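A.B. asks: sharing a sequence plus its predicted fold:
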Amino acid sequence: MIPRPGRAHPSRLRRAALLGLALLAGAPLPATAQARSGGNGTFYLAAYDKHVYVIDEATLDVRARWPSQIGIPARVALSDDRSLLIVTDVTNRNVELIERATGRSVDHFTLDQGNTQVRIGSIALAPDHGWMVLQIQSYTKLRDRFQIGEPVLVRYDLSTHAVTDTIPWPDGPDAASGSTLFSPDGRLLWVLGDDLVALDAKTFAEVDRWALSRPIEPGLGEMFFGFSQSLYEDPGIYTGLFRTSDPVQHRRLMGIARVDLAAKDVDFYTLGPSQPVSFTLAPDGRTAYGLYSDIGRYEFWTFDLQNRRVAQRQEFPGRPRMRLAASTNGELLYIATAGATIDVYDAATYQPLRTVTLDTDMIGWVLVPPED
């Protein structure tokens with residue numbers, strides 16, 4: 001069962017309240033709060049002023065603002081070797097590649113042609129950076145209507161800027177959803193939908209399948225995995241929340257699963273009734289954090305992955321749209337999106353420490369840990 005929020009000590013509540021009032025009033029925080037550093041990582045934030053902001057985690061100062069070549073950037077992701085930023089715009093029709101070391105835009109493209117707009121979903125960049133697999137769907141404006149194409153996967157050559165192959169969805173267009181990624185050795189293209197399907201990265205022929213849609217354990221219904229790759233796990237390893245239904249009483253349950261795609265192995269356990277909470281893995285891999293978000297009620301959650309339980313919950317004055325990340329040293333929590341602020345909290349106590357305000361609102365962002 002999920003534990004109820006614990007009662008904090010009165011002195012801790014008073015300190016948290018005073019810090020919260022200071023943040024709201026714009027008053028300076030104590031020097032100890034201002035000096036706290038979350039590590040030596042780097043934030044990359046897509047902003048409405050058509051720039052990608054580069055922010056030092058240690059100071060939360062803006063180091064650089066890289067102009068976007070595709071208008072307003074929205075999603076920011078990393079190549080597998082972490083040398084490139086993969087950026088898409090707010091329309092999901094334009095893609096840009098930015099070199100992290102220099103901030104140089106090395107490529108950008110769109111698949112739009114004439115009256116046809118092409119929206120791009122998941123993106124998998126090949127290990128040699130020579131081509132991509134894109135999940136796309138076309139929208140053609142006719143005189144009296146829009147003609148909407150079926151979602152497809154395509155191979156896009158970055159040297160010629162041309163689609164060279166159309167890759168059929170393993171289970172047909174009706175099952176066209178999910179994401180794609182390459183195996184660590186680059187020989188396979190994994191298609192993550194209801195099932196995990198492994199395609200040969202050269203011929204796109206199906207070579208293996210893992211029926212994730214089947215109940216993993218008697219008494220459970222179909223499991224729905226909805227987590228993304230963490231920078232603190234090896235490629236092909238996913239840890240995150242899953243949701244399933246009790247097939248007898250149809251109760252919605254949630255739990256945590258660790259999935260190894262290459263080994264086709266999953267370790268999972270349930271936590272209790274399904275809740276509207278997110279999941280963010282901490283750098284140590286033994287802890288994770290979440291944001292419970294419901295209208296008028298927002299909570300921090302701490303997941304103890306070693307003991308397979310929710311260790312702590314606490315309500316706080318959140319906002320309807322938030323995204324959470326743990327600092328690269330595991331000591332702080334960051335909340336950003338939407339808006340122009342990065343709110344910093346203590347990971348152990350959830351006490352607010354500081355708020356950093358940017359010159360513009362942000363959309364998407366990624367926090368990259370320092371290189372070893």
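C.D. replies: Now that the structure is in, tell me what you want to look at.
A.B. asks: going forward, measure contacts between C-alpha atoms and count neighbours the same way
C.D. replies: OK.
A.B. asks: with just CA atoms, put the one helix or strand residue 87 maps to into CSV.
C.D. replies: Per DSSP states H and E: residue 87 is located in strand 84-89. Included here for strand 84-89 are C-alpha records, laid out as CSV according to Å, rounded to 0.1, in the frame of the first residue of the first chain:
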residue,chain,number,x,y,z
LEU,A,84,24.6,16.4,-30.3
LEU,A,85,21.4,18.0,-29.2
ILE,A,86,18.3,16.8,-31.3
VAL,A,87,15.8,19.7,-31.2
THR,A,88,12.3,19.8,-32.7
ASP,A,89,10.2,22.9,-33.1
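A.B. asks: report the buried residues of the one helix or strand residue 353 maps to.
C.D. replies: For residue 353, the enclosing helix or strand under DSSP H and E is strand 352-368. Of the residues in strand 352-368, 352-355, 361-368 count as buried by neighbour count, 16 or more other CA atoms under 10 Å.
A.B. asks: tell me the centre residue of the protein?
C.D. replies: The geometric centre of the chain, computed from its C-alpha atoms, lies nearest to residue 228 (CA atoms, centre = their mean), at 5.4 Å.
A.B. asks: which residues sit in contact with that one?
C.D. replies: By CA atoms under 8 Å, 6 or more residues apart in numbering, the contact list for residue 228 reads 238, 240.
A.B. asks: same question for residue 204.
C.D. replies: Taking CA under 8 Å, 6+ apart, we find residue 204 in contact with 167, 189.
A.B. asks: tell me the confidence at it?
C.D. replies: Each residue has a pLDDT score; the one for residue 204 is 94.
A.B. asks: for residue 196, same thing?
C.D. replies: 85.
A.B. asks: what helices or strands is the strand holding residue 87 leaning on?
C.D. replies: Applying 3 or more CA pairs under 8 Å, 6 or more residues apart in numbering; DSSP states H and E, one finds that strand 84-89 makes contact with strand 73-78, strand 94-99.
A.B. asks: now render those strands as a markdown table, adding mean pLDDT.
C.D. replies: Listed next are the helices and strands packed on strand 84-89 as a markdown table, based on pLDDT from 0 to 100:
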| stretch | mean pLDDT |
| --- | --- |
| strand 73-78 | 96 |
| strand 94-99 | 98 |
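A.B. asks: which residue ranges of the protein form helices?
C.D. replies: With DSSP state H as the definition, the chain shows helices at residue ranges 10-25, 31-35.
A.B. asks: least reliable of these going by mean pLDDT?
C.D. replies: Among the helices of the chain, helix 10-25 scores lowest, with a mean of 42.
A.B. asks: where does the chain dip in pLDDT?
C.D. replies: Along the chain, the model assigns pLDDT under 70 to residues 1-35, 173-177, 213-227, 372.
A.B. asks: returning to that earlier point: indicate which one of the helices and strands packed on strand 84-89 is closest to residue 235.
C.D. replies: Taking CA to CA as the measure, the helices and strands packed on strand 84-89 were each checked against residue 235, and strand 73-78 came out nearest at 12.2 Å.
A.B. asks: quick one: buried residues of the closest one?
C.D. replies: Judged by neighbour count (16+ other CA under 10 Å), strand 73-78 contains these buried residues: 73-78.
A.B. asks: closest to residue 325 out of the buried residues of strand 352-368?
C.D. replies: Proximity of the buried residues of strand 352-368 to residue 325 was ranked by CA to CA; the top entry is residue 367 with 7.7 Å.
A.B. asks: what bridges to the closest one?
C.D. replies: residue 43 (DSSP bridges).
A.B. asks: surely it is in contact with residue 41?
C.D. replies: Yes: in terms of CA atoms under 8 Å, residue 367 counts as a neighbour of residue 41; the distance is 6.7 Å.
A.B. asks: quick one on the thing from earlier: alpha carbons only: can I get the strand holding residue 353 in PDB?
C.D. replies: Taking C-alpha atoms only, strand 352-368 is exported to PDB below (Å, rounded to 0.1, in the frame of the first residue of the first chain):
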ATOM      1  CA  PRO A 352      12.300  25.500  -1.300                       C
ATOM      2  CA  LEU A 353      15.800  26.900  -1.700                       C
ATOM      3  CA  ARG A 354      15.700  29.400  -4.500                       C
ATOM      4  CA  THR A 355      14.000  30.400  -7.800                       C
ATOM      5  CA  VAL A 356      15.900  31.400 -10.900                       C
ATOM      6  CA  THR A 357      14.000  33.600 -13.400                       C
ATOM      7  CA  LEU A 358      15.000  33.600 -17.100                       C
ATOM      8  CA  ASP A 359      14.300  36.300 -19.700                       C
ATOM      9  CA  THR A 360      11.700  34.200 -21.500                       C
ATOM     10  CA  ASP A 361       9.400  31.200 -21.000                       C
ATOM     11  CA  MET A 362      10.700  27.700 -21.600                       C
ATOM     12  CA  ILE A 363       9.200  24.700 -23.300                       C
ATOM     13  CA  GLY A 364      11.400  21.600 -23.200                       C
ATOM     14  CA  TRP A 365      14.700  20.900 -21.400                       C
ATOM     15  CA  VAL A 366      17.300  18.300 -20.500                       C
ATOM     16  CA  LEU A 367      19.800  18.200 -17.700                       C
ATOM     17  CA  VAL A 368      23.100  16.500 -18.800                       C
END
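A.B. asks: now for residue 333, how many residues are close by?
C.D. replies: Close neighbours of residue 333, defined as other CA atoms under 10 Å, add up to 25.
A.B. asks: same question for the one 4 residues further on.
C.D. replies: For residue 337, the neighbour count with other CA under 10 Å is 20.
A.B. asks: so what's it up against?
C.D. replies: When contacts are counted by CA under 8 Å, 6+ apart, residue 337 is found next to 321-323, 361-364.
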